[in-house]
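>>> I'd like to go over a predicted model; first the sequence, then the structure.
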Amino acid sequence: MHAIHDFRGKLRQPAVAPTLTAYVAWRRALAKARAQGDPEPAAPEIAPISINLDLTTACNYRCTHCIDWDILNTPNKYKEQELRDSMRLMSERGLRSVILIGGGEPTLFPRFADFVGYLKGLGLQVAIVSNGSRTDALAAAAVHLDERDWIRLSLDSGSNELFAAMHNPTNPKVTLDAICDGIPGIKRANPRVRVGFSYIVVWTGASREDQDLHENIHEIVPAAERAKRAGFDYIGFKPILERRPDGSEVMDPAKADRELEEVITRIQAEVDRAKALADDGFDVYESINLRVLKEGSWREFTRQPRTCHMQALRQVLTPTGLFNCPAHRGVQKARIAGPKAFKDADSAAATGVELSRILDGFDASHECREVTCLYNGVNWWIEKLVQDPSVDLRDEVDEERLDYFL
């Protein structure tokens, strides 16, 4: 497992272990109180360690494969001062990292670079996932970042033609060439920050609702070549996800125009060719989803414990509310609270009550039964800690990695 996906190791870091310890101790105490018929203890005053923060629903693309299609360009928005207050309170209660991603294009948020600076002033690690249309805004934000932060652009193609077909930018001047030409400017603004090229692998037969998507397996290698030439630090590959009627995001490799084994063989061959481009200055990554798809073990990651413990430690804050997981972003049954969930102490206390409710009421073994969950292993580990009070949580603390993205 690559270190970026070793969530158990990240939770064992001394800087975040107190939050994990407080959570596990509470769940143990809760189970004991229920068994004895005693009053239930309140949730601890903790914030998640890491959040996805959707700054806006506004987007200047019309991507055919967008998983958030239904919530784009809606009138929902934050009051900026309330959002800043939320970030400050959360940082005081254990928040360590923020990933600006999803819902819309984060660089369209007013005063985007200033807001990134505010997050860094709170001592948070910050990552930015952007469509790449505004590299000037990314360069302005990059000034505030350090070597442990990162920027990732969702590009999914190796040619201007396929890029336009997949992403449909509203401004025809936004091309893959133009985006790649902007990478040196980001690097000049801050040579320390890592910039990645994200590539969602799509096969013929994949769809979003009733719309067929553009296959891009044939452009895996050209994309890697382009990424290296443009000055990206890495390219990362992951398989397409689709949204089920119940709202969950799932991988459905059975929806292919050919036998699954043939599709996987083609993907494997192209990714292996791309890996040959890796060197000391350029990396090629595969997501857990892509790896387990190729290994044929992806269904093992759909077997979840009843309680998803990670929903207490990693959440998604959007202009429409606070949700328990990126795989259920915007889904009502996964909504913990409103967008003001951590605006002040009173709202945070109410959010703690709602978190208790969803931990009991959201049955991950059922609701996530088709989700290839990145947090599967760490959830089962936390489940064991909760169920076995004899485990001394102090023994679980390990080395500091200074990586708090979950």
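Structure's in. What do you need? Residues are numbered from 1 along each chain as shown.

>>> hey, let's count contacts and neighbours off CA atoms from now on
OK.

>>> tell me which element R357 falls in.
Element membership of R357 [criterion: DSSP states H and E] is helix 345-361.

>>> The lowest-mean-pLDDT helix or strand in the chain: what's the following helix or strand?
Taking mean pLDDT, DSSP states H and E as the measure, strand 249-250 is the helix or strand of the chain with the lowest mean score, a mean of 52. Towards the C-terminus, the helix or strand next in line after strand 249-250, according to DSSP H and E, is helix 260-275.

>>> what helices or strands is that next one leaning on?
With contacts taken as 3 or more C-alpha pairs under 8 Å, 6 or more residues apart in numbering; DSSP states H and E, helix 260-275 sits against helix 220-230, strand 283-286, helix 288-295.

>>> could those be laid out in JSON lines, adding distance to R12 and mean pLDDT?
Shown next, in JSON lines, are the helices and strands packed on helix 260-275 (distance: least, C-alpha to C-alpha, whole Å; pLDDT from 0 to 100):
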{"stretch": "helix 220-230", "distance to R12": "34", "mean pLDDT": "98"}
{"stretch": "strand 283-286", "distance to R12": "24", "mean pLDDT": "93"}
{"stretch": "helix 288-295", "distance to R12": "21", "mean pLDDT": "73"}
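
>>> now the ones you listed as TSV including mean neighbour count and distance to S130?
TSV is the format used below for the helices and strands packed on helix 260-275 (neighbours: other C-alpha atoms under 10 Å; distance: least, C-alpha to C-alpha, whole Å):
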stretch	mean neighbour count	distance to S130
helix 220-230	20	15
strand 283-286	19	18
helix 288-295	18	21
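
>>> for the stretch 101-250 of the chain, what spans make up the helices?
For the stretch 101-250 of the chain, applying DSSP state H, counting those that start in this stretch gives helices covering 112-121, 135-142, 160-167, 176-181, 183-189, 220-230.

>>> Can you say which of these is nearest to P41?
Ranking those by proximity to P41 (C-alpha to C-alpha) places helix 112-121 first, at 32.1 Å.

>>> and the closest one, what other elements does it pack with?
strand 125-130, helix 135-142.

>>> Can you say which of those is packed in most?
Compared across those, strand 125-130 shows the largest average neighbour count, a mean of 23 (mean count of other C-alpha atoms under 10 Å).

>>> rewinding a little: as JSON lines, the helices and strands packed on helix 112-121 with mean pLDDT would be great.
Formatted as JSON lines, the helices and strands packed on helix 112-121 follow (pLDDT from 0 to 100):
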{"stretch": "strand 125-130", "mean pLDDT": "98"}
{"stretch": "helix 135-142", "mean pLDDT": "98"}
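
>>> out of these, nearest to E370?
When these are ranked by proximity to E370 (C-alpha to C-alpha), strand 125-130 comes first, at 25.3 Å.

>>> Partner strands of the closest one, with direction?
strand 97-100 (parallel), strand 150-154 (parallel) (DSSP bridges).

>>> Hey, what's the angle from that strand to helix 135-142? Just curious.
Relative orientation of strand 125-130 and helix 135-142, computed by axes from the mean of the first three to the mean of the last three C-alpha atoms, to 10 degrees: 180 degrees.

>>> which residues are in contact with stretch 261-275?
Among residues not part of stretch 261-275, those counted as contacts by C-alpha atoms under 8 Å, 6 or more residues apart in numbering are W203, I217, H218, I220, V221, A224, E225, A256, D283, V284, L293, K294.

>>> Can you point out the buried residues in it?
Of the residues in stretch 261-275, those buried by neighbour count under the rule 16 or more other C-alpha atoms under 10 Å are V263, I264, I267, Q268, E270, V271, A274, K275.

>>> picking up where we left off before, make TSV from the contacts of stretch 261-275 and add distance to S86 to it.
Converted to TSV, those look like this (distance: C-alpha to C-alpha, whole Å):
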residue	distance to S86
W203	40
I217	42
H218	44
I220	40
V221	42
A224	39
E225	41
A256	43
D283	36
V284	36
L293	38
K294	41
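
>>> Of the residues you listed, which is the nearest to N190?
Distance to N190, by C-alpha to C-alpha, is smallest for D283 among the contacts of stretch 261-275, at 19.1 Å.

>>> Surely that closest one and I235 touch.
Yes - with contact defined as C-alpha atoms under 8 Å, D283 and I235 form a contacting pair (6.5 Å).

>>> related to what we said a few turns ago, show me what the helix holding R357 is packed against.
Secondary structure elements in contact with helix 345-361, counted by 3+ C-alpha pairs under 8 Å, 6+ apart, are strand 335-337.

>>> got the buried residues for the lengthiest helix in the chain?
Longest helix in the chain by number of residues, with DSSP state H as the criterion: helix 17-36. Within helix 17-36, the residues that qualify as buried by neighbour count (16+ other C-alpha under 10 Å) are 17-30.

>>> rewinding a little: please tell me how far the following helix or strand past the helix holding R357 is from the chain's geometric centre.
For helix 345-361, the succeeding helix or strand toward the C-terminus, using DSSP H and E, is helix 364-367. Going by C-alpha atoms, centre = their mean, to the nearest Å, the spacing between the C-alpha centre of helix 364-367 and its chain's C-alpha centre is 20 Å.

>>> Please spell out which residues along helix 364-367 are buried.
Within helix 364-367, the residues that qualify as buried are A364, S365, E367, counting by 16+ other C-alpha under 10 Å.

>>> With only the CA atoms kept, save it in PDB.
Taking only C-alpha atoms (Å, rounded to 0.1, in the frame of the first residue of the first chain), the coordinates of helix 364-367 have been written out as PDB:
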ATOM      1  CA  ALA A 364     -22.500   0.800   6.300                       C
ATOM      2  CA  SER A 365     -22.800  -2.900   5.800                       C
ATOM      3  CA  HIS A 366     -26.000  -2.200   3.800                       C
ATOM      4  CA  GLU A 367     -25.700   1.300   2.600                       C
END
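
>>> What is that helix packed up against?
If you count contacts as 3+ C-alpha pairs under 8 Å, 6+ apart, helix 364-367 packs onto no helix or strand.

>>> you'd agree R192 is up against E147?
Yes - using C-alpha under 8 Å as the test, R192 is close enough to E147 to be in contact (4.8 Å).

>>> what's the distance between T320 and R148?
Relative to R148, T320 is positioned 29 Å away (C-alpha to C-alpha, to the nearest Å).

>>> the more surrounded of the two?
Neighbours per residue, other C-alpha atoms under 10 Å: of T320 and R148, the larger number sits with T320, 24 against 15.
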